[in-house]
Each structure stands twice: as C-alpha cells, then as structure tokens.
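Peer 1: coordinates only, no sequence provided:
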C-alpha cells in the first residue's frame, strides 16, 4: 500500500551556511590585514631606529677624528665662506693667516655640497689631511646642507655636525652633534 503522507520534517544540518562562511572569511581577512599593517609599521619603526642609530654612530666617529686632529694642533680657524675648519698641526711651520686657503702642511675639514654627477648625491664632509697629496677624502655623507659649523668666543671652539636620516614616516629629519675643542699646543 502506498502512503499519501510525505515527511515534512527537516533533518539536522551538519555544515555552515554560505552566509556563515562569508562572515568567517571577512573576519579572517580583517585580522590578516591588521597583522600585516602592524608588521609594516613595526618594520618602518625598526628601520627608522636603525637609520638614526647608524647616523649618530657616524657623527660620533667623525667628531672623535676631528677632535683628535684639532686638539693636537697649534691653531684653529673657521672659514665660513668655504664652510671649512682649517687647523695647523704641530709639525707645520705655516701659520693659518687669513683663514681662507689651506696650505699643504695644514689640514682642513670641509663641508662639500652634493654632486650627483660626481657620485656624491648628498652633502658630505671631507678631510684634507696635512702633508698628504690626495685631496679631500670623504669622512661622512648624508649631511644637512649646513652640516658643519664652528664658532669661538673664548678660544674654545664649538663645532656642530648636522646629519640627516629617514624617520618611520620616511621623512628626512636632522640629527645634530655638538662638541667643544681647543688646540692644546
């Protein structure tokens, strides 16, 4: 005998509906995007801290070299026109004079402008060593345009070095180091 009754009860379903799957995927993508943004932000912050640390280490190294040379000299002068500190070492017999040229037996720390065609894309400080006929040797690059200044009121020279670095927002920022020095001889 054939029954005319149809069973209308729904059996228990054992899966997710399409809506539930879409909501789960959207939540997963939001979490993944947040983690990616956090990774990029931490990476940028790490790069900025590293850049600043390296630049400060470079400034300290240059300041130590400059202090050693300047303190061991007989005389120091600042040539603001050419942005250079000229010094007379102990073994030099040529006095500094008007402080606008560097004699072969005297030395100088010079701030040079960027020369992109010459392989120097940023301003840099070079060292014109006394009694060495090699010209001005680069000490540090990525300096600010006003990266080297010096002044003296009482015989104690205040030298300021200003370099540039990239912060976490990839903006150029200045970092400065100032030291006092004087010729000891």
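Peer 2: Perfect, thanks for sending it. Predicted, not measured: the structure shown is a model, and the values here were computed from it.

Peer 1: who's in contact with the spatially most central residue of the chain?
Peer 2: Nearest residue to the geometric centre of the chain (C-alpha atoms, centre = their mean): residue 165, 3.1 Å. Applying C-beta atoms under 8 Å, 6 or more residues apart in numbering, we find residue 165 in contact with 48, 51-52, 54-55, 142, 172-173, 175. Every C-beta, even on glycine, is put in place using the N, C-alpha and C of the backbone.

Peer 1: can you give me the strands in this protein?
Peer 2: In the chain, the segments counted as strands under DSSP state E are 73-79, 84-89, 107-112, 124-128, 136-140, 143-152, 157-166, 172-181.

Peer 1: residue 42: which of the ones you listed is closest?
Peer 2: strand 157-166 (15.9 Å; C-beta to C-beta).

Peer 1: which parts of the closest one are buried?
Peer 2: Using 16 or more other C-beta atoms under 10 Å as the test for burial, strand 157-166 gives 157, 159, 161-166.

Peer 1: can you say which of the contacts of residue 165 are buried?
Peer 2: Buried residues within the contacts of residue 165, counting neighbours by 16+ other C-beta under 10 Å: 48, 51-52, 55, 142, 175.

Peer 1: how many other residues sit next to the spatially closest residue to residue 150 that is not a sequence neighbour?
Peer 2: Nearest residue to residue 150 in three dimensions, chain neighbours excluded: residue 78, at 4.2 Å (C-beta to C-beta, 6 or more residues apart in numbering). The tally of other residues near residue 78 (other C-beta atoms under 10 Å) stands at 18.
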